[in-house]
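In: give me a 3D structure for the following:
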Amino acid sequence: MMKHNFNAGPSKLPIDVMRAVSAACLDFENSGLSLMEMSHRAKNFQPVVDEAVQLFRELLSIPEGYSVLFLGGGASLEFCMVPYNFLEHKAAYLNTGVWAKKAMAEAKLFGETVEVASSADTTYNYIPKGYTVPSDADYFHVTTNNTIYGTELHRDLDSPVPMIADMSSDIFSRPVDVSKYNCIYGGAQKNLSMAGVTFVIVKDDALGKVTRPIPTMLDYRTHVKGGSMFNTPPTVPIYCALQTLRWIKREGGVEEMQRRAEAKAALLYGEIERNKLFRPTVLNPDDRSYMNICFVMSEEYKELEAGFLSFATERGMVGVKGHRSVGGFRASCYNAVTIDDVKALVECMQEFERQH
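Out: Numbers count the residues shown, from 1 in each chain. Have a look, this model is predicted:
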């Protein structure tokens with residue numbers, strides 16, 4: 001049976017990417033060695049990093065004066081590295097979910113941290129608006145897509161201070177005005193690669209402004225100077241990222257990824273709105289994520305929740321159970337998820353409706 005992978009992360013990868021990575025893990029570029037056993041200092045691995053950086057710059061139109069890094073530790077380590085490197089007096093945070101809250105908690109260890117707005121009052125099912133960002137803040141931090149709750153910022157905000165963004169789950173799904181940010185970071189296991197590598201886009205002249213000493217491995221300048229090679233980087237995930245970046249370029253770039261994301265979201269949200277068994281958890285269409293589409297059973301059909309999950313699983317739907325903290329259902333529609341995957345889920349929902 002064909003599987004339709006809606007996992008929230010690690011998530012679906014394009015088949016071309018998986019084939020290329022699988023081949024390299026057996027024999028990398030006819031070297032007689034597996035990519036898994038090669039030195040990161042090998043002369044034929046440096047071009048992998050160089051091309052991945054170049055494609056980052058090209059696909060996101062990254063201006064001069066920014067570095068692209070491949071690190072370890074996931075976005076969770078960046079929650080600490082960001083304030084370590086950028087928070088001197090005050091930081092502003094938009095609280096839109098668990099990951100934004102975790103990032104803010106880390107910042108509080110380094111200095112004054114202001115929560116400019118929060119959607120916690122209704123379990124993070126909307127994006128706050130109408131708040132004021134302090135003009136004396138060192139930076140304004142946002143989480144652009146909230147995987148657990150299904151909300152997303154679909155455009156770059158205007159801010160009186162430089163922004164920093166966790167774009168773990170929507171990077172490369174739309175164009176980004178990188179010039180508005182001092183730093184963009186994220187775990188790569190959603191739209192970019194397999195698990196194991198973290199990407200960071202950092203503005204070079206924004207570094208070195210804090211007065212505190214920074215441990216070597218937590219200082220972005222260490223990795224900028226070392227070209228992501230200060231210590232052994234996650235070589236296979238970086239190669240996987242390169243293959244994904246090549247795929248995105250072949251498929252038409254981030255503009256095409258955005259078009260597909262909007263089409264997939266329109267199809268699935270349309271069915272959720274139409275089908276009387278289900279209802280969306282995010283009421284404002286402008287706040288709804290294209291990457292993580294969350295929904296629940298309508299109140300009068302609540303007893304069918306477990307039945308639908310079993311029904312969907314039997315028909316090849318993978319990863320549609322909602323996060324344990326909110327329940328319900330979640331279909332993560334990252335770049336590699338096809339419109340046919342979404343159509344299969346919609347047909348599954350329609351068949352379940354006919355039966356009940």
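In: where along this structure do the strands fall?
Out: Per DSSP state E, the chain carries strands over the ranges 4-5, 66-71, 90-95, 112-118, 139-143, 145-146, 151-152, 163-166, 181-187, 198-203, 278-280, 292-297, 317-318, 329-332.
In: what distance do you get for residue 190 to residue 148?
Out: Counting by Cβ to Cβ, to the nearest Å, the gap from residue 190 to residue 148 is 13 Å. Glycine gets a C-beta too; all of them are placed from N, C-alpha and C.
In: list the helices and strands the lengthiest helix in the chain packs on?
Out: Across the chain, the longest stretch assigned as helix under DSSP state H is helix 253-274. Where contact means 3 or more Cβ pairs under 8 Å, 6 or more residues apart in numbering; DSSP states H and E, helix 253-274 is packed against helix 46-60, helix 235-251, strand 278-280, strand 292-297, helix 339-355.
In: distance of residue 152 relative to residue 138?
Out: Distance from residue 152 to residue 138, by Cβ to Cβ: 25 Å.
In: the more surrounded of those two?
Out: Shown here are residue 152 and residue 138; by other Cβ atoms under 10 Å, residue 152 has more neighbours (26 against 22).
In: give the contact list for the nearest residue to that one once chain neighbours are set aside.
Out: Leaving aside its chain neighbours, residue 152 sits nearest to residue 289 (3.8 Å; criterion: Cβ to Cβ, 6 or more residues apart in numbering). Neighbouring residues of residue 289 by Cβ atoms under 8 Å, 6 or more residues apart in numbering: 145-147, 150-152, 170, 265, 282.
In: wait, which of the strands of the chain is closest to residue 131?
Out: strand 112-118 (3.8 Å; Cβ to Cβ).
In: buried set for that closest one?
Out: Residues 113-118 are the ones in strand 112-118 that count as buried (16 or more other Cβ atoms under 10 Å).
In: what's the closest of those residues to residue 323?
Out: Distances from residue 323 to the buried residues of strand 112-118, taken by Cβ to Cβ, are shortest for residue 118, at 18.6 Å.
In: quick one on the thing from earlier: tell me what angle the longest helix of the chain forms with helix 46-60.
Out: For helix 253-274 against helix 46-60, the angle by axes from the mean of the first three to the mean of the last three Cα atoms, to 10 degrees is 60 degrees.
In: next, the angle from helix 253-274 to helix 235-251.
Out: Here the directions of helix 253-274 and helix 235-251 differ by 80 degrees (the same axes, to 10 degrees).
In: contacting residues around helix 253-274?
Out: So helix 253-274 is in contact with 59-60, 172-176, 248, 251, 278-280, 285, 288-291, 293, 295, 331, 333, 335, 337, 339, 342-343, 345-346, 349-350, going by Cβ under 8 Å, 6+ apart.
In: buried subset of the residues you listed?
Out: Buried members of the contacts of helix 253-274, scored by 16+ other Cβ under 10 Å, are 59-60, 172-176, 248, 278-280, 288-291, 293, 295, 331, 333, 335, 337, 342, 345-346, 349.
In: mean pLDDT and distance to residue 131 added to the strands of the chain, as CSV?
Out: Shown next, in CSV, are the strands of the chain (pLDDT from 0 to 100; distance: least, Cβ to Cβ, whole Å):
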stretch, mean pLDDT, distance to residue 131
strand 4-5, 98, 37
strand 66-71, 98, 27
strand 90-95, 98, 8
strand 112-118, 98, 4
strand 139-143, 98, 10
strand 145-146, 98, 16
strand 151-152, 98, 15
strand 163-166, 98, 14
strand 181-187, 98, 19
strand 198-203, 98, 24
strand 278-280, 97, 24
strand 292-297, 98, 23
strand 317-318, 98, 38
strand 329-332, 98, 27
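In: of the ones you listed, which stretch is the most buried?
Out: Per-residue neighbour counts averaged over each of the strands of the chain give the maximum for strand 145-146, namely a mean of 28 (mean count of other Cβ atoms under 10 Å).
In: quick one: that strand to chain centroid distance?
Out: Averaging C-alpha positions (Cα atoms, centre = their mean, to the nearest Å) puts strand 145-146 8 Å from its chain's average.
In: partner strands of it, with direction?
Out: strand 151-152 (antiparallel) (DSSP bridges).
In: from residue 243, how far off is residue 278?
Out: 36 Å.
In: over to residue 63?
Out: From residue 63 to residue 243 the distance is 25 Å (Cβ to Cβ).
In: turn the contacts of residue 289 into TSV, columns for distance to residue 129.
Out: TSV is the format used below for these (distance: Cβ to Cβ, whole Å):
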residue	distance to residue 129
145	17
146	15
147	21
150	17
151	12
152	14
170	19
265	20
282	14
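In: and which of those residues is nearest residue 92?
Out: Residue 92 has its nearest neighbour among those in residue 146, at 17.7 Å by Cβ to Cβ.
In: point out where the stretch 201-350 of the chain drops to low pLDDT.
Out: Residues of the stretch 201-350 of the chain meeting the criterion pLDDT under 70: none.
In: list the contacts for the most centrally placed residue in the chain?
Out: The centroid of the chain falls nearest to residue 169 when counting by Cα atoms, centre = their mean (1.6 Å). Contacts for residue 169 (Cβ under 8 Å, 6+ apart) come out as 8-9, 145, 147, 186, 190-191, 291-292, 332, 334.
In: likewise residue 175?
Out: Per Cβ under 8 Å, 6+ apart, neighbours of residue 175: 60-61, 254-255, 258.
In: give me the number of residues near residue 257?
Out: For residue 257, the neighbour count with other Cβ under 10 Å is 23.
In: again, but for residue 252
Out: Residue 252 has 12 nearby residues by other Cβ under 10 Å.
In: for it, grab phi and psi.
Out: phi 120, psi 10 (degrees, to the nearest 10).
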